[in-house]
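**Student:** need the 3D shape of this:
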Amino acid sequence: MGGKSAKRKGTRVEREFVNQAKAEGLEARRVPGSGAFAGLPGDAYIEGLRCECKARKNGWATMEKWIDGNDVLLLKPDNKDAMVVLWWKDWVKQLREIKDLKAEIEVMKHTIEQMEIV
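**Tutor:** Sure thing, here's the model as predicted:
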């Protein structure tokens, strides 16, 4: 796939990721121009994390085989940093837990501030 249809597919997939994240209660937005401009890297931001979105007609068969039955796939290219691959549902769950913990911390900070005033 090349040209306009590849761009349309990329834009559609980026929107799908953003919409799925929003449906899960996460802050998400698509990057205008989707990585086409040097000053706007990445395709989307989900909970402040810059994301690159990729889609393939036949998926990633080898990675899917490796992660099958596992929670996380750890990849280590020679002489490079390791990568972590998670299933979408597991990543969203972790992001939601982090978001909830951050909210609890803010409540605790506010409570402490109020105690110091008294």
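**Student:** for this structure, just list every one of the helices.
**Tutor:** Per DSSP state H, the chain has helices spanning 3-23, 61-67, 88-117. These are given in chain order.
**Student:** and among these, the most buried is which?
**Tutor:** For the helices of the chain, the largest average neighbour count (mean count of other C-beta atoms under 10 Å) is found in helix 3-23, namely a mean of 14. Heads up, the C-betas are built off the backbone N, CA and C, glycines and all.
**Student:** thinking again about what came up before, residue 80 is nearest to which of the helices of the chain?
**Tutor:** Comparison of the helices of the chain against residue 80 by C-beta to C-beta identifies helix 61-67 as nearest, at 16.5 Å.
**Student:** show me what the closest one is packed up against.
**Tutor:** strand 72-75 (3 or more C-beta pairs under 8 Å, 6 or more residues apart in numbering; DSSP states H and E).
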